[in-house]
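Undergrad: turn this into a model:
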Amino acid sequence: MNELLHQTVQDAKETLVADRRWLHSHAEISFQEKETTAWLCAQLEKIEGLTISRPTATGAVATLSTGRPGPVVAFRADIDALQMTEATGLPFASKNPNAMHSCGHDGHAAVLLNSARILAGMRDELRGEARFIFQHAEEVPPGGAAEMVQAGVVDGVEEVYGLHFTSSLPTGRFGVRSGVLTSATDRFDITVKGKGGHSAIPQECVDPVVIGAQIVLALQGIISRRLDPSQVAVLSICQVSGGSAYNIIPHTIQLTGSVRTFDKTVRENVRLWIEETARGIAQAQKGDIDFGYSYGYGCVVNDPALTEAASDVIRGVFGPQAVVAIGPQMPGEDFCHFHEKCPGFFVEVGAASEEKGITAPHHNPHYQLDEDALPLAVEYVTNLLRSRLKR
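TA: Below you'll find the model as predicted:
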């Protein structure tokens, strides 16, 4: 552990927590992070040695150039909130209606902001270039990462890193995995088409509700009976809608769901099996379907060498017990777009505390972030980037 750096981080904790709370109370949903980005840029502009750019409407990049030849390394934090009403009762709860930081992105942004402050003050000890990426719209595909990559924010970058606070690990633990970390996240939409009519004379109708019910049940058999048991996928029907009255059989109903996979072949097979199953059931009962499938984020794949390098940093700063080997994670991440351009590593940072009652899952109106995890994340980021850019 670098004692001086550790003390610097501890001294910054009050500011770090205040930054996170400001961001939390001013939550803005994907593609609408105007106030958030303006505030972040205002704070970044106060840091000597940083160059600030706005490559997208609600994203920002701060660049620390040492003026000495060396690697170009980037670290990304997402900044958007979710569309939900907060129910935590915190004094710094979101002031914006139907917007809440229930996935920890306020913590991510505060950590990267404070890491930039600290590393800018250490510029004489570094070489090369550090880019601090504050990315909008992680929560809504196609996501902000794709826009930022297209805008060139990782052009010339040799390594890219990211983190996510997790309620699955306690504060002080870092979830690490080499290779595939997160799932691909896709959406499907099925319109079941029948022939509507009076509920009293169903024999003259083709009931899309009955067909749809059979489709919902049959799709569960794709995972249990068509997929190799050694492979992994999740298929969920999340929305069912249709009908206008209790005594009218509708012409159509809509089914919408999600698919999570870790393998490209499995991803494509599941898509084909969903359409095949749904269409076969509908046509067998004189109905039909319209089928739509939207490919979402790909898998985050951690580079083995960068995984080991980051793990060494965690062990060196926090001890060997801090590194926790984790399996593949089903939630998706658009960080995948960054490591398509260069090697990357993404870590899960523990931020749960049973002692404090901070155990609610992400995407939950009661979600809270253990603020004691914030300085640990800053210490990780600053030590990691310092190790990759040291003279």
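Undergrad: show me the helices in this structure, by range?
TA: 3-11, 13-25, 34-44, 105-120, 144-150, 208-221, 264-284, 304-318, 336-339, 373-389 (DSSP state H).
Undergrad: pick the most buried one from the ones you listed.
TA: helix 105-120 (a mean of 26; mean count of other C-beta atoms under 10 Å). Heads up, the C-betas are built off the backbone N, CA and C, glycines and all.
Undergrad: which residues are in contact with Cys299?
TA: Val180, Leu181, Thr182, Ser183, Ala184, Phe262, Cys336 (C-beta atoms under 8 Å, 6 or more residues apart in numbering).
Undergrad: would you reformat those residues as JSON lines and include pLDDT and distance to Ser387?
TA: Listed next are these as JSON lines, based on pLDDT from 0 to 100; distance: C-beta to C-beta, whole Å:
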{"residue": "Val180", "pLDDT": "97", "distance to Ser387": "25"}
{"residue": "Leu181", "pLDDT": "98", "distance to Ser387": "21"}
{"residue": "Thr182", "pLDDT": "97", "distance to Ser387": "25"}
{"residue": "Ser183", "pLDDT": "97", "distance to Ser387": "30"}
{"residue": "Ala184", "pLDDT": "97", "distance to Ser387": "31"}
{"residue": "Phe262", "pLDDT": "97", "distance to Ser387": "30"}
{"residue": "Cys336", "pLDDT": "97", "distance to Ser387": "24"}
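Undergrad: out of the residues you listed, which is nearest to Tyr295?
TA: For these, the residue nearest Tyr295 by C-beta to C-beta is Ala184; the value is 7.6 Å.
Undergrad: quick revisit: redo the helices of the chain as JSON lines? Include distance to Val176.
TA: Formatted as JSON lines, the helices of the chain follow (distance: least, C-beta to C-beta, whole Å):
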{"stretch": "helix 3-11", "distance to Val176": "21"}
{"stretch": "helix 13-25", "distance to Val176": "23"}
{"stretch": "helix 34-44", "distance to Val176": "28"}
{"stretch": "helix 105-120", "distance to Val176": "17"}
{"stretch": "helix 144-150", "distance to Val176": "21"}
{"stretch": "helix 208-221", "distance to Val176": "33"}
{"stretch": "helix 264-284", "distance to Val176": "24"}
{"stretch": "helix 304-318", "distance to Val176": "5"}
{"stretch": "helix 336-339", "distance to Val176": "16"}
{"stretch": "helix 373-389", "distance to Val176": "11"}
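Undergrad: for His198, which of the ones you listed is the nearest?
TA: It is, among the helices of the chain and with distance given as C-beta to C-beta, helix 208-221, at 14.0 Å.
Undergrad: quick one, that closest one and helix 264-284 angle?
TA: 150 degrees (axes from the mean of the first three to the mean of the last three C-alpha atoms, to 10 degrees).
Undergrad: how about the CA coordinates for helix 208-221, as CSV?
TA: Extracted as CSV, the C-alpha positions of helix 208-221 are listed here (Å, rounded to 0.1, in the frame of the first residue of the first chain):
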residue,chain,number,x,y,z
PRO,A,208,-54.8,-15.0,-29.4
VAL,A,209,-54.9,-15.0,-25.6
VAL,A,210,-55.1,-18.8,-25.5
ILE,A,211,-52.3,-19.0,-28.1
GLY,A,212,-50.2,-16.5,-26.2
ALA,A,213,-50.6,-18.4,-23.0
GLN,A,214,-49.3,-21.6,-24.7
ILE,A,215,-46.4,-19.7,-26.2
VAL,A,216,-45.4,-18.3,-22.8
LEU,A,217,-45.3,-21.8,-21.3
ALA,A,218,-43.6,-23.4,-24.3
LEU,A,219,-40.8,-20.8,-24.4
GLN,A,220,-39.7,-22.0,-21.0
GLY,A,221,-38.9,-25.3,-22.5
